[in-house]
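Engineer: Give me coordinates for this.
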Amino acid sequence: MSPSALLEFLRRELAPTPGRGSATFRLTLACLAATIPILTHRIPHGLVVMIVMYLITQEDTAATLIGSILAIIGVTIGLGAALLAWEISLDIEWLRIVFFIVFFFGGLFLKRVLTIGALGSAIGIPAGLVMILPDIYPPDPEVLVEFVLWIWWCVTLGLSVNLGVQLLLSPGDPLMLLRRELDTRLQAVAQLLRRLATNDAAERATIDSLNSLATAGMSRPLALLKTSSLIHSWARARHEKLSALITLLDRLVTAATALQALAPGALERVQRERLLNAAEGCERMRRVFTEMRLPAPGEWTALASEQASRELSPLADIERTLDQIALAVPEHEHDADKSVPAPAEKRSLFVPDAFTNPEYVRFAIKGTLAAFICYFLFIGFDYPGIYTSVITCFVVSLSTIGASNQKGILRFGGAAVGGLMGLIALVYLFPNVETIGGFWLVFGAGTAVAAWATFGTPRIFYGGYQTGLAFYKAVLQGFGPALSATVVRDRLIGVFFGLIVFGIVEHVLWPVSARDALRARLTEMLRLLADLARSGTTDKAPTMIVNEVDSWRRRISQKVEEIQGHIESSKFEPDDFRISEIQQITGDAQIVFVLMLSLAHQRYELGHMDMVRAVTLDVDNSIATALEALATRGAPNSQSAVLQLDDRLNSLERSTTDPDALDQEAAAYFAARLPLYRAVVAAINRLSSRISDYWTIKISGSLLEREAFFQSRETRMN
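Structural biologist: Numbering: from 1, shown residues only. Modelled structure (predicted):
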């Protein structure tokens with residue numbers, strides 16, 4: 001990235017956004033309030049009190065409350081287990097190292113296999129660090145036990161003070177915040193479309209808003225959806241549909257950003273009408289979103305004509321995406337309440353493949369090996385000040401190289417900025433401060449800067465946390481004047497050293513790129529969709545089929561979340577990876593998912609099980625076969641043919657109009673469900689086209705073929 005591009009990125013990421021100022025004020029106030037008991041009662045390790053606030057605080061108060069409770073539970077378990085291990089190993093060096101390896105490995109493994117991965121970090125980091133304390137501080141058992149107890153109290157104090165401030169001042173309900181996020185995206189797109197239609201130059205604020213939303217991606221809405229599903233039954237029952245909606249709105253923002261970049265100038269009358277119709281479509285979506293629903297049957301008129309459906313342009317993509325949003329919730333949602341009720345979802349503490357997927361064990365081995373190397377070297381060089389290298393190996397140990405690169409860059413960059421702020425405070429500000437008011441002024445200013453970055457997009461928030469951590473390490477060295485800057489130096493060296501060691505281990509031992517992870521997850525998702533399609537071909541009892549459909553639903557939803565996470569992290573890999581292409585593939589796959597899920601749940605409303613299965617058997621099998629072929633095509637150098645579904649769909653339509661084949665009730669049933677089948681086939685055809693273009697050229701083709709293909713696509717779009 002060039003310096004000008006970096007400055008533009010920072011300007012966009014640090015620009016004011018709705019709710020950011022109030023969230024910064026609440027976190028700054030909580031940190032200032034926490035200094036009162038720290039200073040009056042001379043509580044050591046005040047740094048810990050501050051940093052847990054940054055880790056837990058969300059604009060969404062439900063997430064803050066849940067995170068605080070889980071953090072206290074995790075830290076209590078981790079520190080308790082470490083104290084028990086000390087009883088056995090404090091005087092036995094090699095056994096203490098074994099416990100360090102076990103705790104570190106266990107924390108990393110739990111970080112991947114627990115449905116709430118942060119709980120694994122809350123257990124593993126404290127337990128692992130406690131085992132190396134005798135190498136950092138004097139190995140006096142009484143001093144060390146007191147140190148651990150103070151750490152537990154500091155974590156509890158920080159979370160309690162922060163939770164009190166957030167609950168008193170923050171009105172953030174996650175479902176309300178999610179609706180605001182979606183509404184903001186629709187409003188920004190609508191404003192741009194209207195300005196382009198009237199040939200007005202788009203305001204800088206509108207362009208910045210779109211660019212910011214495109215940069216932010218889907219991470220924040222998906223996080224709000226996860227919390228909303230925990231506390232709102234309405235969101236929990238519609239989790240898959242809302243997830244697909246978030247993906248489609250992200251595609252809408254991306255297409256609008258591309259459209260304004262084309263600078264079309266004077267437009268033909270037809271094009272102006274299309275822009276205005278699309279803007280009106282965005283406004284209609286905004287109106288129905290306020291009622292917590294999507295357009296009802298007959299309330300939405302398709303925007304994309306048959307000719308536009310084949311057109312390659314950002315405007316056509318906007319029209320298609322709005323039409324797909326209108327289909328994201330099945331038309332017969334209310335009828336689905338009459339279907340066979342699904343059993344209550346059994347929530348599990350672990351992900352479905354927690355103990356069968358070897359990736360999780362490999363992940364834990366890589367992080368543990370890197371941490372042990374750092375530990376061995378800082379002990380060998382007698383430089384305990386760089387113990388942060390061990391923590392670095394834990395926090396940057398993520399599922400792909402791109403995700404680790406992202407967190408590593410933010411960790412080092414935030415540590416450098418926070419260290420510089422702390423150095424300025426030590427050298428130029430604190431020598432002129434004589435009262436507690438002056439200390440609070442400097443402390444509050446540094447906190448506000450770090451908090452502002454923390455409440456940015458997922459591409460920068462961890463850097464804000466690291467900025468605050470480095471700043472507090474400099475200014476909270478004790479209860480007297482902080483005069484030494486060695487702690488800032490040692491932290492930077494430790495972070496850099498940890499990143500180097502972990503980067504080498506990650507690239508040598510089972511490297512996993514975001515591109516490969518995305519391809520694997522998409523393949524798994526398509527195979528699960530094929531299993532879901534076959535649910536209509538089985539002769540099992542309806543209750544058993546509903547149980548299986550619910551299981552497939554949970555597993556597919558997990559794959560979708562993993563894919564969306566890999567899309568964000570893949571931006572930090574040095575590759576010519578086309579993010580927009582893979583986002584479109586994911587969106588089409590989610591449309592197939594929600595439509596097929598509707599068919600699977602509604603198929604058993606009639607008592608005519610045998611008749612329903614007989615009529616739909618061929619098309620259901622064909623859909624499953626086509627999805628399996630698409631999954632196979634995701635493999636490198638695969639040229640598997642994808643079954644054409646149009647003939648099967650036409651055959652189904654002819655069967656459902658035959659008066660001799662169906663009675664009146666069954667005919668009415670199929671007449672209502674045929675639009676869903678048509679939408680599924682159309683979505684699979686789009687998905688097939690995109691995967692054929694993308695995987696065949698991008699993964700299998702030579703570099704020259706790739707560039708020629710994508711240049712051709714861009715030329716056609718322009």
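
Engineer: just for the stretch 1-150 of the chain, where's the confidence low?
Structural biologist: 1, 18, 59, 138-139 (pLDDT under 70).

Engineer: the helices in it, which residues?
Structural biologist: 3-13, 20-40, 46-56, 61-89, 93-113, 117-132, 141-169 (DSSP state H, counting those that start in this stretch).

Engineer: So which bits of the last one are buried?
Structural biologist: For helix 141-169, burial by neighbour count (16 or more other C-beta atoms under 10 Å) applies to 144, 147-148, 151-152, 154-159, 161-163, 165-166. All C-beta spots, glycine's among them, are computed from the backbone N, C-alpha and C.

Engineer: can you check the fourth one too?
Structural biologist: Applying a neighbour-count criterion of 16+ other C-beta under 10 Å, the buried positions in helix 61-89 are 61-68, 71-72, 74-79, 81-83, 85-86, 89.

Engineer: Check the fifth one too.
Structural biologist: Across helix 93-113, burial judged by 16+ other C-beta under 10 Å covers 96-97, 99-113.

Engineer: I684 sits in which helix or strand?
Structural biologist: helix 664-694 (DSSP states H and E).

Engineer: L210 now?
Structural biologist: helix 204-216.

Engineer: any idea which helix or strand comes after that helix?
Structural biologist: helix 219-231.

Engineer: Would you tell me what the next helix or strand after that following helix is?
Structural biologist: Following helix 219-231 in sequence, per DSSP H and E, is helix 233-237.

Engineer: For that following helix, name the packing helices and strands.
Structural biologist: Under the contact definition 3 or more C-beta pairs under 8 Å, 6 or more residues apart in numbering; DSSP states H and E, helix 233-237 sits against helix 174-197, helix 219-231.

Engineer: between those helices, which has the poorest average model confidence?
Structural biologist: Within these, confidence is poorest for helix 219-231, with a mean of 79 (mean pLDDT).

Engineer: And the contacts of it?
Structural biologist: The contact list for helix 219-231 (C-beta atoms under 8 Å, 6 or more residues apart in numbering) reads 58, 60, 62-63, 66, 174-175, 177-178, 181-182, 235-236, 239, 242-243, 246, 249, 457-458, 561, 564-565, 568.

Engineer: And for stretch 119-132?
Structural biologist: 70-71, 73-75, 77-79, 81-83, 85-86, 89, 96-97, 99-100, 103-104, 106-114, 148, 151, 371, 375, 387, 390-391, 394-395.

Engineer: Pull out the buried residues from it.
Structural biologist: Applying 16+ other C-beta under 10 Å to stretch 119-132 flags 119-132 as buried.

Engineer: quick revisit: which of the helices of the stretch 1-150 of the chain sits closest to A197?
Structural biologist: A197 lies closest to helix 3-13 among those, at 25.7 Å (C-beta to C-beta).

Engineer: doesn't R654 make contact with L674?
Structural biologist: No - with contacts counted by C-beta atoms under 8 Å, L674 stays clear of R654, the gap being 11.2 Å.

Engineer: ok so, going back, averaged over its residues, what pLDDT does the helix holding L210 have?
Structural biologist: 64.

Engineer: Check stretch 159-173 too.
Structural biologist: For stretch 159-173, the per-residue pLDDT averages 82.

Engineer: Can you give the distance of that stretch from its chain's centre?
Structural biologist: 24 Å (C-alpha atoms, centre = their mean, to the nearest Å).

Engineer: ok, now stretch 496-513?
Structural biologist: With C-alpha atoms, centre = their mean, you get 23 Å for stretch 496-513.

Engineer: Not counting it itself, show me its contacts.
Structural biologist: 359, 362, 365-367, 369-370, 373-374, 377-378, 386, 388-393, 396-397, 399-402, 404, 408, 411-412, 573, 575.

Engineer: for S569, what are its contacts?
Structural biologist: With C-beta under 8 Å, 6+ apart, S569 has these contacts: 398-400, 402-403, 405-406, 514.

Engineer: In helices, which of those appear?
Structural biologist: 402-403, 405-406, 514 (DSSP state H).

Engineer: For PyMOL, write a command that selects the buried ones of the residues you listed.
Structural biologist: Burial among the ones in helices among the contacts of S569 is assessed by 16+ other C-beta under 10 Å; the matching PyMOL selection reads:
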select buried, resi 402+403+405+406+514
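
Engineer: of the ones in helices among the contacts of S569, closest to L617?
Structural biologist: Using C-beta to C-beta, the ones in helices among the contacts of S569 come closest to L617 at A514, 39.2 Å.

Engineer: list the contacts for that closest one?
Structural biologist: Contacts of A514 by C-beta under 8 Å, 6+ apart are 400-403, 566-567, 569-570, 573, 577.
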